[in-house]
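Engineer: sharing a model that was predicted from the sequence below.
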Amino acid sequence: MKTLDTSRLYAAQVSLYSGKARAYLRYKQVPFEEILPSREVIEQILKPRTGVRMIPVLITPEDEAIQDTTVIIDRVEATHPARSVVPETPKQRFVSQLVELYADEWLLMPAMHYRWAYPRHHLLFIASEFGQLFKPEWPEWSHLFAGLPLVVYFGLGHGPVLGIDRHTRGAIEETYEAFLAGFDKHLEEHRYLLGDRPTVGDFGLMAPLYAHLYRDPYSGRLMKRLAPRVHDWVKRMNAPEDQTFGALLSDDAIPETLAPMLEHALGEHLPIVRDTWDKMERWASENQGEDIFPRFVGRHAFGIGSARSTRTVQTYTAWMSQRTFDAWHALDASDRQE
């Protein structure tokens, strides 16, 4: 078997889920080299290994290519059990995975909205970042032009998929600001979601909160102004070597300060998750004999705040949510009631 000296993380600062993988590997103290993937690297190395043109991708010392951040965490946890990010107790495990699902899937909306809704603040910055990724060998001054095709691709394509449109933009900003206020209040009392060390839910939150909502100029200023503790939490998550870590809350406790975040996760996101399963069951019954679900299976209605619109039914949501449901089913009756 081919072996490498260390893991390789193909990632970029501008990439949303790269922030989740990078912070996690740093916390786990897993040696890795971060590589900025050019278009040629994606086409010649990553796509043949993973089947998709997506980052981040982790190449392990055993030369295994892992593309999805949740799978990356699963595999590293199995081989590096020290400093585990998976709570041992059932309620904390469930809440941590619920927050990861909410962060990966629902907070994706404000992350994408803010990046593309404020071109006067973000366009030059994002185009230059994409250009560095797309054509790193070009002179720095030309990265702006090299990145424009990716700006058009991502900037125009995200809205219909996620349900970001004229009906929902205002509600997305209202609910995101409410999330910031609630998480900032929680961080008055706790350094992380469930105590004095991060869990998988914290790393899930790093996906939307770092690359888009912390680094992008307008949304970064907004976070620092409205939620300075969240702003500091992002910096802390990125620099674990400067931190000391304690324990999670005792007796499998869930902080009451997480209630607003969990209410959003259950009240707004869970109906979308449930309907995704319903739409997939319908698709399966109408397409018997098919072995693999497509990435999308139609559209469905959803609500955020007081706004209503439609979005694409994404089958990945079902895979991701199954983990949360498994943690729920592991609870006994009294824990579920609590």
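Structural biologist: Perfect, I can see it now. Just so you know, these numbers come straight off a predicted model, no measurement behind them.
Engineer: what packs against the helix or strand bottoming out on mean pLDDT in the chain?
Structural biologist: For the chain, counting by mean pLDDT, DSSP states H and E, helix 143-162 ranks last in confidence among helices and strands (a mean of 75). Contact analysis of helix 143-162 by 3 or more C-beta pairs under 8 Å, 6 or more residues apart in numbering; DSSP states H and E lists helix 108-117, helix 119-134, strand 307-314 as its packing neighbours. Quick note: C-beta positions are derived from backbone N, CA and C, even for glycine.
Engineer: what does the first one rub up against?
Structural biologist: Judged by C-beta atoms under 8 Å, 6 or more residues apart in numbering, the contacts made with helix 108-117 from elsewhere in the structure are 16, 122, 126, 154-155, 158-159, 162-164, 168-169, 172-173, 175-176, 179, 207-209, 211-213, 216, 218-219, 222, 304.
Engineer: let's see that with 7 Å instead.
Structural biologist: Under the criterion C-beta atoms under 7 Å, 6 or more residues apart in numbering, residues 16, 122, 126, 155, 158, 162, 164, 169, 172, 176, 208, 212-213, 216, 218-219 lie in contact with helix 108-117.
Engineer: out of those residues, which is nearest to His80?
Structural biologist: Comparing the contacts of helix 108-117 against His80 with C-beta to C-beta places Leu16 closest, at 24.1 Å.
Engineer: do you know how far the closest one is from Glu263?
Structural biologist: Relative to Glu263, Leu16 is positioned 24 Å away (C-beta to C-beta, to the nearest Å).
Engineer: give me the more crowded residue out of those two.
Structural biologist: Under the criterion of other C-beta atoms under 10 Å, the comparison of Leu16 against Glu263 puts Leu16 first, with 24 against 12.
Engineer: who's in contact with that one?
Structural biologist: In this structure, Leu16 makes contact with Ala111, Ala207, Pro208, Ala211, His212, judged by C-beta under 7 Å, 6+ apart.
Engineer: picking up where we left off before, which SSE is immediately downstream of the least confident helix or strand of the chain?
Structural biologist: Past helix 143-162, heading to the C-terminal end, the next element that is a helix or strand (DSSP states H and E) is helix 169-186.
Engineer: still on that earlier bit, dump the helices and strands packed on helix 143-162 to JSON lines, plus mean pLDDT and distance to Glu64.
Structural biologist: Output for the helices and strands packed on helix 143-162, formatted as JSON lines (pLDDT from 0 to 100; distance: least, C-beta to C-beta, whole Å):
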{"stretch": "helix 108-117", "mean pLDDT": "95", "distance to Glu64": "27"}
{"stretch": "helix 119-134", "mean pLDDT": "82", "distance to Glu64": "24"}
{"stretch": "strand 307-314", "mean pLDDT": "96", "distance to Glu64": "26"}
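Engineer: out of the ones you listed, which gets nearest to His329?
Structural biologist: For the helices and strands packed on helix 143-162, the distance to His329 is smallest for strand 307-314, at 23.0 Å, taking C-beta to C-beta.
Engineer: name the residues of that closest one that are buried.
Structural biologist: Under the neighbour-count criterion of 16 or more other C-beta atoms under 10 Å, strand 307-314 has Ala307, Ser309, Arg311, Val313, Gln314 buried.
Engineer: surely the last one is in contact with Val297?
Structural biologist: This means Gln314. No - using C-beta atoms under 7 Å as the test, Gln314 is too far from Val297 to be in contact (8.4 Å).
Engineer: pLDDT value on the nearest residue to Ala65 once chain neighbours are set aside, please?
Structural biologist: Of all residues beyond its chain neighbours, the one nearest Ala65 is Arg49 (3.8 Å), with distances taken as C-beta to C-beta, 6 or more residues apart in numbering. Each residue has a pLDDT score; the one for Arg49 is 93.
Engineer: okay, and Arg49 sits in which element?
Structural biologist: helix 47-50.
Engineer: where does the stretch 1-150 of the chain dip in pLDDT?
Structural biologist: By pLDDT under 70, the weakly predicted segments of the stretch 1-150 of the chain are 1-4, 138-139, 141-142, 144-147.
Engineer: show me where it has its helices.
Structural biologist: Ranges of helices in the stretch 1-150 of the chain, per DSSP state H, counting those that start in this stretch, are 16-28, 39-41, 47-50, 69-79, 90-101, 108-117, 119-134, 143-162.
Engineer: need the residues that contact the shortest one.
Structural biologist: This points to helix 39-41. Contacts made with helix 39-41 from outside it, assessed by C-beta under 7 Å, 6+ apart, are listed as Tyr10, Phe134.
Engineer: make it 6 Å
Structural biologist: Under the criterion C-beta atoms under 6 Å, 6 or more residues apart in numbering, residues Phe134 lie in contact with helix 39-41.
Engineer: now for Thr175: which residues touch it?
Structural biologist: For Thr175, the residues meeting the contact criterion (C-beta under 6 Å, 6+ apart) are Ile304, Gly305.
Engineer: from Asp165, how far out is it?
Structural biologist: As judged by C-beta to C-beta, Thr175 and Asp165 stand 15 Å apart.
Engineer: one more: Leu36?
Structural biologist: Separation of Leu36 from Asp165 (C-beta to C-beta): 33 Å.
Engineer: quick check: the gap between Ala227 and Ala330.
Structural biologist: Remark: distance between Ala227 and Ala330 (C-beta to C-beta) = 33 Å.
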